[in-house]
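# Return a 3D structure for these sequence lines:
(one chain, ligands or ions: 1)
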Amino acid sequence: MSEIHQLGEHTFYIDQTTNVGVYVYGKNCCLIDAGLDKSIGETVLKLITDKGLKLEKIFLTHSHADHAGACAYLKEQTGCTVYAPGVCAQLVRYPYLIPTTLYGGFPSARMRSKFVMPEACECEELSESVLPKGLSFMHIDGHDFEQVAFCTSDMVWFIGDAVSDKTTIDRYRIPFLYDIKAHLSSLERLKNTEGKIFVPSHSALVNEIKTLCEENAADVFEVCTVIKRLCQNAISIDELIAKLLGEFGIKLYVMQYELIGETARSYLSYLTEKREISCVFDGNKLLWKII
Ligand SMILES: [Zn+2]
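This is a model prediction of the structure:
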């Protein structure tokens with residue numbers, strides 16, 4: 001059963017599979033992320049309505065379905081305005097782009113499940129001018145096309161999917177990433193950020209963020225090392241994905257294959273830019289090899 005927990009004078013969060021932030025100003029409130037679907041939206045709306053609050057705005061850290069899926073229901077029920085950073089606002093409006101970019105072509109019905117493709121919702125681009133007094137954001141790109149963290153006047157940070165806890169890293173081994181270089185620089189920025197409480201979307205709250213940032217960066221460096229070892233001999237992307245799944249004991253299903261596939265391609269781009277890996281052709285096959 002979800003509950004609303006107070007973190008500061010104006011700051012609350014609702015414990016869901018995706019933690020939902022609630023920032024209160026007067027009789028109004030805004031959410032930071034919304035959750036996966038209508039059912040989560042109903043729970044969230046009941047909890048804030050029971051506190052006598054009116055939902056005015058939703059601020060998304062990024063576009064992924066487990067953060068944006070409940071927006072359509074909440075907007076329909078309350079007339080609230082939804083905001084997301086940069087191009088993520090367009091992905092919330094046209095969510096078929098999410099499975100399309102994951103798969104690299106027209107996605108089948110299985111690839112368009114609610115866990116990947118949120119219900120379409122009108123969404124505006126986030127800017128400083130639309131924030132309620134006391135709320136601010138900073139860019140922490142890398143996990144999605146764009147991503148932001150929000151800080152409330154109580155110095156509580158909602159940091160989206162910038163970090164996973166050690167248990168999650170050990171279980172999934174290759175957390176989804178879009179831009180490895182941007183992710184590493186975001187971890188560096190986040191590590192030195194002042195705050196009283198940090199709320200990751202899928203892990204327990206922490207008072208100190210430095211350790212999580214360092215553990216997540218260490219995981220990226222380890223994945224790079226493994227990929228370079230697997231590319232000692234020229235290897236195709238599909239062979240690399242298969243070997244990564246085997247190496248880390250990751251159970252395969254369609255969504256997982258897509259997530260690992262896009263992340264592996266992002267690692268190859270990162271290592272190519274660092275001139276540690278390059279692509280070669282074997283007949284008509286594109287292969288990847290350590291330099
Ligand atoms: Zn995400």
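# what ranges do the strands span in the stretch 101-250 of the chain?
Ranges of strands within the stretch 101-250 of the chain are 124-125, 136-139, 148-151, 156-158, 197-199, based on DSSP state E, counting those that start in this stretch.
# Return the most buried member of the ones you listed.
strand 156-158 (a mean of 27; mean count of other C-beta atoms under 10 Å). In short, each C-beta sits where N, CA and C put it, glycine included.
# quick one: contacts of that strand?
7-8, 11, 13, 19, 21, 32-33, 61, 149-152, 193, 195-199, 201, 209 (C-beta atoms under 8 Å, 6 or more residues apart in numbering).
# Could you check it against the ion for contacts?
No - applying C-beta under 5 Å from the ion, one finds strand 156-158 out of contact with the ion, separated by at least 13.0 Å.
# and that strand, what's its mean pLDDT?
In this model, strand 156-158 carries a mean pLDDT of 98.
# Sheet partners, orientation included, of it?
If you go by DSSP bridges, strand 156-158 pairs up with strand 148-151 (antiparallel), strand 197-199 (parallel).
# Of those strands, which is nearest the ion?
strand 148-151 (12.3 Å; C-beta to the ion).
# and that closest one, does that touch the ion?
No - residues of strand 148-151 contacting the ion under C-beta under 5 Å from the ion: none, with a closest distance of 12.3 Å.
# Quick check: chain neighbours aside, which residue is closest to the residue of the stretch 101-250 of the chain found nearest the ion?
Scanning the stretch 101-250 of the chain for proximity to the ion using C-beta to the ion identifies residue 161 as nearest, at 3.8 Å. Ranked by C-beta to C-beta, 6 or more residues apart in numbering and with sequence neighbours excluded, the top spatial neighbour of residue 161 is residue 143, at 4.7 Å.
# just checking, the one you found touches residue 163?
No - counting by C-beta atoms under 8 Å, residue 143 does not reach residue 163; the two are 9.3 Å apart.
# more neighbours, the two?
Ranked by neighbour count (other C-beta atoms under 10 Å), residue 143 and residue 163 place residue 163 first, with 31 against 24.
# Quick one: residues in contact with stretch 33-49.
2-4, 14, 16-22, 29, 31, 55, 58-61, 65-74, 77-78, 82, 114-115, 118-119, 158, 160, 201.
# and if we set it to 7 Å?
2, 4, 14, 16-18, 20-22, 29, 31, 55, 58, 60-61, 65-71, 73-74, 77, 114, 201 (C-beta atoms under 7 Å, 6 or more residues apart in numbering).
# Those in strands, which ones?
4, 14, 20-22, 29, 31, 55, 58 (DSSP state E).
# List just the nearest of those residues to the ion.
Using C-beta to the ion, the ones in strands among the contacts of stretch 33-49 come closest to the ion at residue 20, 14.0 Å.
# Any idea how many residues pack against the nearest residue to that closest one once chain neighbours are set aside?
With sequence-adjacent residues excluded and distances taken as C-beta to C-beta, 6+ apart, residue 20 is closest to residue 14, at 4.3 Å. By the criterion of other C-beta under 10 Å, residue 14 has 21 neighbours.
# ok, residue 14 - contacts?
2, 4, 20, 22, 44, 47.
# Considering these, which possesses the most neighbours?
residue 20 (29 neighbours).
# how deep is the residue nearest to residue 176 when sequence neighbours are not counted tucked in, by neighbour count?
Sequence neighbours aside, residue 259 is the residue nearest to residue 176 in space, at 4.8 Å (criterion: C-beta to C-beta, 6+ apart). A count of nearby residues for residue 259, using other C-beta under 10 Å, gives 18.
# what does residue 243 give?
17.
# so who does it touch?
Neighbours of residue 243 in contact, by C-beta under 7 Å, 6+ apart: residue 230.
# Could you check how far it is from residue 258?
Distance, residue 243 to residue 258, by C-beta to C-beta, to the nearest Å: 17 Å.
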